[in-house]
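Novice: Show me the folded form of this:
(one chain, ligands or ions: 4)
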Amino acid sequence: EAKAAGRNRAVVFHEHMNELLQLRHTVEAELREALRRDDQLSVAFQPLFDANGKVIGAEALARWTHPKYGPISPGQFIPVAESSGLIEDLGDAVLRRSMEMGGRWPERTIAVNISPAQLRNPKFQSRIFELLALTGMRPCDLELEITEGILLQDETVTTETLRTFRAAGIKIALDDFGTGYSSLNYLKRYAVDRIKIDRSFISQLGEDQTSSAIVQAMVTLAHAMGIEVTAEGVETETQLGVLRDMGCNTIQGYLLSAPVSPEKAAELFAEGHARTRTRRRRVA
Ligand code: C2E
Ligand code: MG
Ligand code: MG
Ligand code: MG
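Specialist: Ligands and ions are numbered 1, 2, ... in the order given. Okay, here's the model as predicted:
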């Protein structure tokens with residue numbers, strides 16, 4: 001009887017695996033089609049603020065709205081894009097649109113997520129410089145977000161590329177900081193301009209003393225090394241207050257703004273302030 005139950009579980013497991021594999025295959029085929037047609041993919045921009053609530057730029061985030069299945073989250077399609085190699089085309093489309101935005105808005109930072117496959121491609125360097133020339137974007141307004149995973153591989157081409165970018169004034173940010181392995185080591189070995197503290201550390205701020213101590217230590221250490229700090233996933237006034245007291249440079253999160261359309265981002269760029277902050281100031 002126990003054996004039969006085990007077999008049944010195995011059968012169920014197999015069916016589930018097949019479903020997943022099929023879905024994955026479908027997502028890949030559909031994504032390939034979306035890239036070919038170029039009318040389902042778009043870029044959302046999540047505004048970045050200084051500690052006083054002033055808009056300083058935005059992070060570009062890939063969006064995919066399928067005509068039949070509706071919006072598909074990056075958490076679902078980015079991994080498929082990465083494992084299938086489609087991330088190179090997808091990433092290039094995101095870069096192109098983001099840097100067009102950057103060209104129209106000098107002095108606003110445009111941050112773009114870069115996958116390991118993109119950075120490893122020997123043509124990536126020249127593509128970035130080509131896009132800077134095409135869009136008229138200033139190198140110092142462009143911030144490339146990479147994850148520790150890229151640095152972990154420690155390939156010469158990656159190291160050289162990052163060095164070339166920094167020499168040209170392009171900023172490098174270490175994304176999801178704190179979630180990887182031996183993060184502090186990388187700060188010493190690779191010169192980066194910014195760390196983005198992962199939202200898993202931010203969500204407990206003000207509630208749990210350990211999280212506050214960890215975030216404070218990250219900020220202190222980064223600043224001692226001349227590195228700026230962004231807090232991602234800031235959702236409450238309490239978190240914002242704590243981060244401001246800690247001297248955190250840049251704030252990103254639903255409290256001040258969710259990702260918005262390019263048009264809405266442009267409006268915010270023109271206004272300069274988050275609506276919530278402006279409203280609070282008027283009341284006070
Ligand atoms: P990420 O780079 O860490 O981007 C931040 C994610 O956190 C975004 O999710 C954003 O919508 C979400 N977020 C921002 N503020 C808050 C908040 O206050 N609370 C919560 N709960 N979430 C918040 P999104 O857009 O779903 O993107 C997920 C991830 O997908 C990104 O994480 C990034 O790693 C990847 N991704 C997105 N676009 C691209 C792209 O163009 N290229 C590459 N390579 N990866 C991308
Ligand atoms: Mg990012
Ligand atoms: Mg991030
Ligand atoms: Mg994150």
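Novice: all contacts plus neighbour counts: C-alpha atoms, from now on.
Specialist: Fine.
Novice: what about stretch 165-182, distance to the chain center?
Specialist: Offset of stretch 165-182 from its chain centre (CA atoms, centre = their mean, to the nearest Å): 11 Å.
Novice: for that stretch, which positions count as buried?
Specialist: Going by neighbour count (16 or more other CA atoms under 10 Å), the buried part of stretch 165-182 is 165-166, 170-178.
Novice: which residues sit in contact with the residue of the stretch 1-150 of the chain at minimum distance from ligand 4?
Specialist: Here the stretch 1-150 of the chain gets closest to ligand 4 at one residue, Thr147, 9.6 Å apart by CA to the ion. By CA atoms under 8 Å, 6 or more residues apart in numbering, the residues touching Thr147 are 174-177.
Novice: and the stretch 51-200 of the chain, which residues reach ligand 3?
Specialist: With CA under 5 Å from the ion as the criterion, the stretch 51-200 of the chain meets ligand 3 at residues 175-176.
Novice: Might you list the low-confidence residue ranges for the stretch 51-200 of the chain?
Specialist: For the stretch 51-200 of the chain, the stretches flagged by pLDDT under 70 are 154, 181-183.
Novice: what about Phe45, which helix or strand?
Specialist: Using DSSP states H and E, the element containing Phe45 is strand 41-50.
Novice: Same question for Leu61.
Specialist: Here Leu61 is assigned to strand 55-66, by DSSP H and E.
Novice: Going by contacts, tell me the helices and strands next to the helix or strand following that strand.
Specialist: As assigned by DSSP H and E, the chain's next helix or strand after strand 55-66 is strand 70-72. Contacts defined by 3 or more CA pairs under 8 Å, 6 or more residues apart in numbering; DSSP states H and E place strand 70-72 against strand 55-66.
Novice: Going by neighbour count, list what's buried in the strand it packs on.
Specialist: Going by 16+ other CA under 10 Å, strand 55-66 has these buried residues: 55-64.
Novice: Skip the chain neighbours and tell me the closest residue to Gly169.
Specialist: In this structure, Gly169 finds its nearest non-sequential neighbour in Cys140, 5.0 Å apart by CA to CA, 6 or more residues apart in numbering.
Novice: what separates that neighbour from Arg189, distance-wise?
Specialist: 22 Å (CA to CA, to the nearest Å).
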